[in-house]
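**Q** return atomic coordinates for the entry below.
(chains A and B)
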2 protein chains.
Amino acid sequence: MEDAEGTQDAPLGRISAPGRLAGPGEGIGLDELALAARNHGLPLEALRYDVTPPGLHYVLVHYDIPAVEAEGWRLTVRGRVRTPLTLDLAALRSYEPVTRRVTMECAGNGRARLSPRPVSQPWLVEAVGTAEWTGVPLQVLLAEAGVAADAVEAVFTGVDHGVERGVEQDYRRSLPLAVASGHDPEVLVAYAMNGSPLPPQHGRPVRLVVPGWYGMAQVKWLRDITLTATAFTGFQQTVAYRYGQSRDDPGEPVTRIAPRALMIPPGFPDFMSRARAVRPGTVELEGRAWSGYAPVVRVEVSTDDGLTWHDADLAAPDTEHPWAWRHWRTTWTATPGTHVLSARATDAEDRTQPLAQPWNRGGFGNNLVQRVPVLCLEPD
Amino acid sequence: MEDAEGTQDAPLGRISAPGRLAGPGEGIGLDELALAARNHGLPLEALRYDVTPPGLHYVLVHYDIPAVEAEGWRLTVRGRVRTPLTLDLAALRSYEPVTRRVTMECAGNGRARLSPRPVSQPWLVEAVGTAEWTGVPLQVLLAEAGVAADAVEAVFTGVDHGVERGVEQDYRRSLPLAVASGHDPEVLVAYAMNGSPLPPQHGRPVRLVVPGWYGMAQVKWLRDITLTATAFTGFQQTVAYRYGQSRDDPGEPVTRIAPRALMIPPGFPDFMSRARAVRPGTVELEGRAWSGYAPVVRVEVSTDDGLTWHDADLAAPDTEHPWAWRHWRTTWTATPGTHVLSARATDAEDRTQPLAQPWNRGGFGNNLVQRVPVLCLEPD
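**A** Numbers count the residues shown, from 1 in each chain, chains lettered A, B, ... in the order given. Next up is the predicted model:
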């Protein structure tokens, strides 16, 4: 397959440096800030919505949001298939539509709190959102194209174009064939978000949705699906998005979402510190929890900075939306002074969240327990 | 009027510090980053849209996005009026609706590049957007309520609640009566954005829209309008949003938007540095320009870091949308090497943009000329 790795262009090294770690005490740089100003997380109070309203769902765009008009757009399905397909949006819409509620999270969520900090999109804890995606199951398109017996992967290419660590590329990722053609999770080729055409920043006109996987798999502005007889070795697959400990350590690939619970910070915030204040008495605590491996079966809450934990009330399993976050709630009797609140999710495969974060060079798969410092005021 | 200044609460000083300036070489802090991760700017390639799609328009929220349901919401109009009003959303919608296309910009845009840097929401240059707002002219509501002869200001209160520099408050701002009841610009009490109910982060269910003014005047989650016989002295009016040089200098109030032109960065970006690469030859340059004082009448472009300038083609005056940005375009013949591109707007009152930025302690009203470094590659 052509251009799988992009073009390593020496002159581009003048604007495109190798990955690096921040030095001890090094503040966030203007490069990281430029990413933070473009992309955005979920303001945590928006955890109140079952389905995240437009503009509050996290967004990460590697390069620029491309200008793709639905009229000229085509999706090709080719490579190791019997019948290559070329579909326009009307053709895609002519298939029986499927809608799935999916919680999506960026693989780099939490990166900005790591030490040393990998210099990249500096997420704190908010790179998540839940949307209802409508489209065609990928397995339907693959069945129509007829996958050849020697195919092992499906490679997905977006329209978005840029350079990363010296490698000029269209954004491109693959999935093992068993995942691409699977039905649990069922991968979608999606053209609507929350009942409307995809917003430009979410992949207009068409994107991939891979329930349970981190965001890097959810290729936006999708233009091509190529079935290959060998494993894809492109930049976003073999260089980026690996759990490596050093530049020389290839590490395991980043795939599914590790379990996480997040709390809506209670009370009211200070504008600048974002620290919280509450009044003494009963305080409702609530939030969401999710895992890309298995349903969340337990959420525990601590109000003493992780010393003791108690079970929160977890919403009943939602069989209609198995890939969406679950709501949890509990109450806390706040007493004057400072407190640190936390929540911790455990899934049905007994995966849970660490209190001390393992580290990897890309800052991926972080699911350190959230800490919410709260000042409880004296009674009025 | 009660609670105009909020409550200065000493215990809240534990989470709410005075404003400060960053030290020499001090990187962006985690507090500034937390604001940048919640709020977001316009990705500059979205300058391509006449009207900014949902989720791409800049957002600044001082405290939390409040959960306000349309059902329980009421707007009161009271104080120095003959007939106080209490309106629900249906009542507001029963007035003849007006739709206005308005370019809005945060007063703190550009703050993160100032030296020394005021520590606050760290915008680079992207805190802008244009939307079509639908609602009722404020002058219609004021006429119905009957403004008393001694009224001098209208004070607007939002539902959003927090603490800022030790002052607990609902977000609250005033306008001089002449502005509040004026018809050029005509202030709107808006309940729709781009034809849909306001998104939560833009003030659901109702906000103020003051064409030509910076964002701090555009009170969101609006719940009360009180006419007063004396000037409002609340935190957001007399402490924040002033062009002061020091903590002791009250400075002039921040009001209208200074002229600015922004360019869509050409070519393609590096993921991390956001620096741009183009191929040699003709490159289309385009962008938008606006001013809150008077129509933009001229946009100049420089491709040599401000040494020489030439006029760009400016779209014809749009009499239907006098408060919206204007499109501009020009072409550039790119030659291999590094270049810095800039655009500069001038309005009909001969206000223009500086090449060296004046400084004020809040980092307000910045309109320094944008610099877009571009690497032009050798021919393929």
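**Q** C-alpha only now, for contacts and for neighbours.
**A** Will do.
**Q** can you give me the helices for the stretch 51-200 of chain A?
**A** For the stretch 51-200 of chain A, the helices defined by DSSP state H, counting those that start in this stretch cover A:89-93, A:138-145, A:177-180.
**Q** packing partners of the last one?
**A** Think helix A:177-180. In terms of contacts (3 or more C-alpha pairs under 8 Å, 6 or more residues apart in numbering or on different chains; DSSP states H and E), helix A:177-180 is packed against strand A:153-164.
**Q** what mean pLDDT does the strand it packs on have?
**A** Averaged across strand A:153-164, the pLDDT comes to 98.
**Q** would you confirm that residue A:368 contacts residue A:359?
**A** No - at 10.4 Å, residue A:368 does not count as touching residue A:359 under the criterion of C-alpha atoms under 8 Å.
**Q** between the two, which one's more packed in?
**A** residue A:368 (22 against 19; other C-alpha atoms under 10 Å in any protein chain shown).
**Q** so who does the more buried one touch?
**A** A:110, A:260, A:353, A:354, A:355, A:356, A:357 (C-alpha atoms under 8 Å, 6 or more residues apart in numbering or on different chains).
**Q** next: residue A:155.
**A** A:172, A:173, A:174, A:175, A:224, A:225, A:226, A:227, A:228, A:232.
**Q** same list, those, but as JSON lines with pLDDT, neighbour count and distance to residue B:374 please.
**A** Compiled in JSON lines, these are given as follows (pLDDT from 0 to 100; neighbours: other C-alpha atoms under 10 Å in any protein chain shown; distance: C-alpha to C-alpha, whole Å):
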{"residue": "A:172", "pLDDT": "98", "neighbour count": "27", "distance to residue B:374": "25"}
{"residue": "A:173", "pLDDT": "98", "neighbour count": "23", "distance to residue B:374": "28"}
{"residue": "A:174", "pLDDT": "98", "neighbour count": "24", "distance to residue B:374": "32"}
{"residue": "A:175", "pLDDT": "98", "neighbour count": "20", "distance to residue B:374": "35"}
{"residue": "A:224", "pLDDT": "98", "neighbour count": "20", "distance to residue B:374": "29"}
{"residue": "A:225", "pLDDT": "98", "neighbour count": "23", "distance to residue B:374": "32"}
{"residue": "A:226", "pLDDT": "98", "neighbour count": "20", "distance to residue B:374": "33"}
{"residue": "A:227", "pLDDT": "98", "neighbour count": "28", "distance to residue B:374": "37"}
{"residue": "A:228", "pLDDT": "98", "neighbour count": "23", "distance to residue B:374": "36"}
{"residue": "A:232", "pLDDT": "97", "neighbour count": "23", "distance to residue B:374": "32"}
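**Q** could you list which of these belong to strands?
**A** A:172, A:173, A:174, A:175, A:224, A:225, A:226, A:227, A:228 (DSSP state E).
**Q** centre of the chain to stretch A:320-332, how far?
**A** 18 Å (C-alpha atoms, centre = their mean, to the nearest Å).
**Q** how much space between residue A:302 and chain B?
**A** Separation of residue A:302 from chain B (C-alpha to the nearest C-alpha, to the nearest Å): 21 Å.
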